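Trainee: Provide a 3D model corresponding to the input given below.
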Amino acid sequence: MNSMELFPALLKMISALAVVLGVMLAAMYFFRKIMSKTGAGGGDGEFIKVISNRYLGPKSSIMLVDVLGSIIVIGISNNQMSMLTTISDPQSLERLKYLDQEKKKAPSFLDHLSRRKKELEMKSEE
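Mentor: Model (predicted):
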């Protein structure tokens, strides 16, 4: 094969690769659009919010879920999901709101890292 035949083959291979990558990117874009419209994977509206999740053992847990303002306790096992109860007691609801607010106030790991970084920068400047 001489160099004159190699250049068109290389161009053909690169263009085919560009077409395949373009189709893959377009498919990924449309897949994300469809998933965000159907609500799979969490959308902008938070109509269903998982408040807490406690694992009891392999493939079994209890979830506390807020669905449009109603608090529901759900049991999850390997084969099924069951509603255990709904929480409608005003005192319990207030306690849940308080605990949720306290949880939001707690500093995250990223906050700790940024604070340590600032401390190190201040020490290095001295």
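Trainee: regarding the chain, what is its longest strand?
Mentor: strand 48-57 (DSSP state E).
Trainee: if you count contacts, what does that strand end up packed against?
Mentor: strand 60-67 (3 or more C-beta pairs under 8 Å, 6 or more residues apart in numbering; DSSP states H and E). From N, CA and C alone the C-beta is placed, and that goes for glycine too.
Trainee: next secondary structure after the strand it packs on?
Mentor: Per DSSP states H and E, the first helix or strand lying C-terminal to strand 60-67 is strand 70-76.
Trainee: quick revisit: ok and the longest strand of the chain relative to strand 70-76, angle-wise?
Mentor: 30 degrees (axes from the mean of the first three to the mean of the last three C-alpha atoms, to 10 degrees).
Trainee: let me see the confidence value for Lys37.
Mentor: You'll see Lys37 listed with a pLDDT of 67.
Trainee: make 689 the first number, not 1, from now on.
Mentor: Understood, numbering begins at 689; the last thing we discussed is Lys725.
Trainee: on that earlier part again, the longest strand of the chain pairs with which strands, parallel or anti?
Mentor: Its sheet considered, strand 736-745 pairs with strand 748-755 (antiparallel) by DSSP bridges.
Trainee: what sits up against the partner strand?
Mentor: Contact with strand 748-755 is made by 735-744, 759-766, 772, 775, 784, as judged by C-beta atoms under 8 Å, 6 or more residues apart in numbering.
Trainee: what comes up buried for that strand?
Mentor: Buried positions in strand 748-755, judged by neighbour count with 16 or more other C-beta atoms under 10 Å: Met751, Leu752, Val753, Asp754.
Trainee: from Val761, how far out is the last one?
Mentor: Distance of Asp754 to Val761, computed by C-beta to C-beta, to the nearest Å: 11 Å.
Trainee: now the buried residues of strand 748-755 in CSV, with distance to Leu705 and pLDDT?
Mentor: Putting the buried residues of strand 748-755 into CSV (distance: C-beta to C-beta, whole Å; pLDDT from 0 to 100) gives the following:
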residue, distance to Leu705, pLDDT
Met751, 45, 91
Leu752, 49, 88
Val753, 46, 88
Asp754, 48, 85
